[in-house]
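Asks: missing the sequence, but the structure's below:
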């Protein structure tokens, strides 16, 4: 029997692709449509079921386009993570469902640019990917050095910020995806990034902090960079791009009288070995070998560009687990200072002329206020005016451990706790304005309404709740088959979108409980506000 037969009655009529009868009065809907950037404001009165976009998979993250006409979400299919893009109709229409990466690496985050022209995803494979925001067509990708957990576009659209599982914030250009700036912002995973319209950035983390950043464009130092390194087989290994085309892991070894690449990576970097005329003797474990030499190549370590590099191509010269060696020609040009605590190495040119390229300007994150809380921070959102935050807290880390799975398998319900909660927080002071402790266990998400008065809260107790300021109990509550991962108000305040995991059904039509679902917000007497 199909799982659809026992879907909750309130959701059955709104299965994938079915139409939805709107609850917003026609005159208010017309005012909203006539006010670009406008949003609904007022006291909420509940959630009405809308279209279900996915009822088969684990959905991890969800985002609305700035004009609230499209929605994107990341989900785990049979063999890979995918990015789905829908237009919201009526009826909702699937634009694309694109495979992104293998199922072993979670695709944690998705975001639209402020103009809706682009989408970005970030995953634990370390990849940042760009897509066309209308068609979903790929526009580029960049491999970073740490697993990624959050992504957000700067409001001006020329920069992208990603957060890592180790607390690192990295700024990239758009659409080039080149490094601009990075800062170790937190001591644990970055759980959320939220830009206010004025460019102020709020970052949340499992380290129990929400930090405020003031992005500003500054002149960048082209002569040094901090790069991630790891120890492999007795070598310190760093990553760099070669000729802007290939990514390679390089062993640092000043004893080798050459910079070396293996044949495969050299080809990916555009080096045609068959046409190389120069050679260089390079020592190996079995004696010297004569290696083809490619002159005038380039290496990039994040913002540090090194040009005019001669690279020998030699498979036998490269240690196992790497694609190249940075030998004496490199270590002679750059000072190497290792930070073992954070696994980083500072590469600094010994002479200013060693760092190539004209001075450039880029977005730098200047630290501001630091808000400390009594619990782990799992989500942060900001209202349309940048005055209030929605924050999701939990007393235990939001990690899916074996203990958690065993408890769920046995049907053991977690107790309520003071900081398993969603909260409205003052963005200027960090003061908690109102906190709701109704959810049991981890609260994974808290999306603030555009007017800053309401909060959509979800978590591991399989519930979505809609709270409003001044009320103790939720105005709306919806049940899901498994954990709620993310909830997001649409920018116009009309919808709440939910990303959830659903118990997967391997037989028949494979349909299960809603995993990507939209709910229309019912307001008592809505009016239209402007940003």
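Replies: The structure has been received and is ready for your questions. In this text, all values refer to a predicted model and were calculated from it rather than measured experimentally.

Asks: quick check: longest strand of this protein.
Replies: Assignment by DSSP state E gives strand 287-301 as the longest strand of the chain.

Asks: against which helices or strands is that strand packed?
Replies: Packing partners of strand 287-301 (3 or more C-beta pairs under 8 Å, 6 or more residues apart in numbering; DSSP states H and E): strand 235-242, strand 278-284, strand 304-313. In this view, the C-beta of every residue, glycine as well, is placed from N, C-alpha and C.

Asks: show me how far the shortest one is from its chain's centre.
Replies: Read that as strand 278-284. Relative to the chain's own centre, strand 278-284 is displaced by 43 Å; criterion: C-alpha atoms, centre = their mean, to the nearest Å.

Asks: what comes up buried for the longest strand of the chain?
Replies: Neighbour counts using 16 or more other C-beta atoms under 10 Å place 289, 291-294, 297-301 of strand 287-301 among the buried residues.

Asks: take these and write them to TSV, including pLDDT.
Replies: Putting these into TSV (pLDDT from 0 to 100) gives the following:
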residue	pLDDT
289	92
291	96
292	96
293	97
294	97
297	97
298	95
299	95
300	89
301	89
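
Asks: in its sheet, which strands sit next to the longest strand of the chain, and in what direction?
Replies: Paired strands of strand 287-301, with direction, are strand 235-242 (antiparallel), strand 278-284 (antiparallel), strand 304-313 (antiparallel) (DSSP bridges).

Asks: hmm, back to that, nearest to residue 182, of the buried residues of strand 287-301?
Replies: residue 301 (11.8 Å; C-beta to C-beta).

Asks: tell me the contacts of the closest one?
Replies: Residues in contact with residue 301, defined by C-beta atoms under 8 Å, 6 or more residues apart in numbering, are 225, 227, 238-240, 347.

Asks: hmm, back to that, with mean pLDDT, mean neighbour count and distance to residue 175 added, can I get the helices and strands packed on strand 287-301 in TSV?
Replies: Below are the helices and strands packed on strand 287-301 laid out as TSV (pLDDT from 0 to 100; neighbours: other C-beta atoms under 10 Å; distance: least, C-beta to C-beta, whole Å):
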stretch	mean pLDDT	mean neighbour count	distance to residue 175
strand 235-242	94	21	16
strand 278-284	93	15	36
strand 304-313	93	20	19
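
Asks: need the three-state assignment for residue 28.
Replies: Of the three states, residue 28 takes helix according to DSSP: H, G, I helix; E, B strand; the rest coil.

Asks: measure it to residue 40 for me?
Replies: Residue 28 sits at a distance of 8 Å from residue 40 (criterion: C-beta to C-beta, to the nearest Å).

Asks: overlap in contacts, those two.
Replies: 526-528.

Asks: neighbour-wise, which one of the residues you listed leads?
Replies: residue 526 (24 neighbours; other C-beta atoms under 10 Å).

Asks: higher neighbour count, residue 28 and residue 40?
Replies: Set residue 28 next to residue 40 and count neighbours by other C-beta under 10 Å: residue 40 wins out with 25 against 17.

Asks: bridge partners for residue 488, pull those for me.
Replies: Going by DSSP bridges, residue 488 forms beta bridges with residue 497.

Asks: what sits against it?
Replies: Per C-beta under 8 Å, 6+ apart, neighbours of residue 488: 62-64, 381, 447, 456, 496-497.

Asks: with residue 213 instead?
Replies: Residue 213 neighbours (C-beta under 8 Å, 6+ apart): 169, 185, 200-203, 365-368.

Asks: what's the PyMOL line that selects buried ones from those?
Replies: A single PyMOL command is used to select the members of those judged buried by 16+ other C-beta under 10 Å:
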select buried, resi 169+185+200+201+202+203+365
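
Asks: which residues of this protein fall in helices?
Replies: Secondary structure of the chain (DSSP state H): helices located at 9-12, 26-33, 263-268, 328-331, 402-409.

Asks: between those, which one is closest to residue 211.
Replies: Comparing the helices of the chain against residue 211 with C-beta to C-beta, the closest turns out to be helix 402-409 (27.6 Å).

Asks: flag every buried residue along the closest one.
Replies: Across helix 402-409, burial judged by 16+ other C-beta under 10 Å covers 404, 408.

Asks: contact partners of it?
Replies: Residues from elsewhere that reach helix 402-409 (C-beta under 8 Å, 6+ apart): 414, 460.

Asks: show me what residue 325 is bridged to.
Replies: In beta-bridge terms (that is, DSSP bridges), residue 325 pairs with residue 251, residue 260.

Asks: give me the number of residues near it?
Replies: Using other C-beta under 10 Å, the number of residues around residue 325 comes to 26.

Asks: against residue 238, how distant is it?
Replies: Distance, residue 325 to residue 238, using C-beta to C-beta: 11 Å.

Asks: find the residues that touch each one of these two.
Replies: 250, 252.

Asks: residue ranges in the stretch 301-450 of the chain under the pLDDT threshold?
Replies: Judged by pLDDT under 70, the stretch 301-450 of the chain has its weakly predicted residues at 352-359.

Asks: and with 80 instead?
Replies: 303, 341-342, 351-360, 404, 408-409, 414-416 (pLDDT under 80).

Asks: go on, the stretch 101-250 of the chain?
Replies: 145, 219-223.

Asks: one more pass at 90, please.
Replies: 101-105, 142-146, 178-182, 218-228, 232-233, 244-245, 247 (pLDDT under 90).

Asks: could you chop this protein up by domain?
Replies: 1-10+21-54+373-402+422-531, 58-191, 224-359 (automatic domain parsing).

Asks: closest one to residue 211 among those?
Replies: Closest approach to residue 211 among the domains of the chain (C-beta to C-beta): domain 58-191, 5.9 Å.

Asks: just to revisit the earlier point, could you dump the helices and strands packed on strand 287-301 to CSV with distance to residue 52?
Replies: Below are the helices and strands packed on strand 287-301 laid out as CSV (distance: least, C-beta to C-beta, whole Å):
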stretch, distance to residue 52
strand 235-242, 41
strand 278-284, 60
strand 304-313, 48
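
Asks: so residue 422 touches residue 394, yeah?
Replies: No: contact criterion C-beta atoms under 8 Å: residue 422 and residue 394 do not qualify, at 10.3 Å.

Asks: who has more neighbours out of the two?
Replies: Between residue 422 and residue 394, counted using other C-beta under 10 Å, the more crowded position is residue 422 (31 against 24).

Asks: brilliant, that's me finished.
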